[in-house]
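**Student:** The sequence and its predicted three-dimensional model are supplied below.
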Amino acid sequence: MAKYEVNERAVEYAKKLIEARQYVLDSDWGAVQPGAEEQNKYLESHSWEEYGQWHLGLTVGAGAETKGRFAFGYGDLRRVHRTGLIACVYRAAEWRHKEVELAAHELLQLLDAKSA
């Protein structure tokens with residue numbers, strides 16, 4: 001099983017987006033999460049660093065400029081999605097990636113407090 005580190009840049013970027021109210025509270029994450037085509041299009045005009053900001057996990061040992069380096073996406077490449085954060089919490093908990101789970105949970109709590 002792959003091992004993941006928390007992507008601190010992504011956590012900080014998500015906090016910034018939440019504070020700026022750049023979020024969606026109710027969405028079908030399965031329908032809105034970016035697919036391979038959307039990700040490729042994003043990478044045509046954005047850096048790998050910018051792409052990485054949309055993923056709470058970094059795959060240990062993966063190449064720096066590969067999609068395999070990044071895991072646990074939480075937004076649609078424009079806004080944070082509450083359902084994306086919930087999916088990150090669930091998937092990280094399911095596979096026992098505790099640090100990523102906790103980072104996603106803290107962001108979810110921040111989003112809920114901000115949007116209340």
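**Tutor:** In hand now; what should we look at?

**Student:** And the pLDDT at Glu38?
**Tutor:** Looking at Glu38, its pLDDT is 98.

**Student:** Same check on the one 10 residues further on?
**Tutor:** The pLDDT attached to Trp48 in the predicted structure is 98.

**Student:** Phi and psi next, for it.
**Tutor:** phi -60, psi -30 (degrees, to the nearest 10).

**Student:** if you skip the residues just before and after it, what's nearest to it?
**Tutor:** Leaving aside its chain neighbours, Trp48 sits nearest to Glu65 (4.6 Å; criterion: Cβ to Cβ, 6 or more residues apart in numbering). Every residue, glycine included, has its C-beta placed from N, CA and C.

**Student:** neighbours of Asp76, just the number please.
**Tutor:** 18 (other Cβ atoms under 10 Å).

**Student:** I figured it hits Trp29, correct?
**Tutor:** No: Asp76 is beyond contact range of Trp29, at 9.5 Å (criterion: Cβ atoms under 8 Å).
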